[in-house]
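Colleague: sequence? don't have it. structure:
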Ligand code: ZN
């Protein structure tokens with residue numbers, strides 16, 4: 001079963017919590033057990049799982065990523081968004097989460113984030129539910 005989530009990001013750097021979007025997909029599809037594969041088909045974004053309870057955690061991660069890949073640098077890519085491409089590669093475009101009894105099996109504090117590194121843009125997240 002294949003689904004897409006459409007997002008409109010509002011800022012250049014933004015973390016959008018998508019766990020509720022994915023839970024809604026699982027609920028409406030009556031999917032019970034297997035794997036949920038979450039994939040961002042963009043070169044300047046990423047999918048991350050980390051704490052969603054305190055938003056400062058994601059702010060700190062973005063702060064650290066910006067230290068690793070500053071906006072301005074001696075980059076070759078002419079589009080001017082090399083920092084976003086680097087951050088996207090560091091975090092990666094996908095995550096896989098177990099689904100059991102129709103629910104994502106995540107830790108209490110874990111959220112699933114779409115990370116925007118070069119917004120605002122219209123974005124898509126692909127979700128594949130694999131029975132098993
Ligand atoms: Zn680029």
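Modeller: Good, I have the coordinates. As the structure is a computational prediction, the values presented were derived from the model and not from experiment. Numbers count the residues shown, from 1 in each chain.
Colleague: what comes up buried for stretch 95-103?
Modeller: Buried residues in stretch 95-103, defined by neighbour count with 16 or more other Cβ atoms under 10 Å: 95, 97, 99. For the C-beta atoms, the positions are set from N, CA and C on the backbone; glycine is no exception.
Colleague: Ok, stretch 37-55 next?
Modeller: Applying 16+ other Cβ under 10 Å to stretch 37-55 flags 37-40, 42, 44-52 as buried.
Colleague: Stretch 58-68 too?
Modeller: Residues of stretch 58-68 classed as buried by neighbour count (16+ other Cβ under 10 Å): 58, 61, 62, 65.
Colleague: Now do the contacts for residue 8.
Modeller: 120, 121, 122, 123 (Cβ atoms under 8 Å, 6 or more residues apart in numbering).
Colleague: Which elements pack onto the helix of greatest length in the chain?
Modeller: Counting by DSSP state H, the longest helix found in the chain is helix 55-68. Contacts defined by 3 or more Cβ pairs under 8 Å, 6 or more residues apart in numbering; DSSP states H and E place helix 55-68 against strand 45-51, helix 82-91.
Colleague: No more questions from me, cheers.
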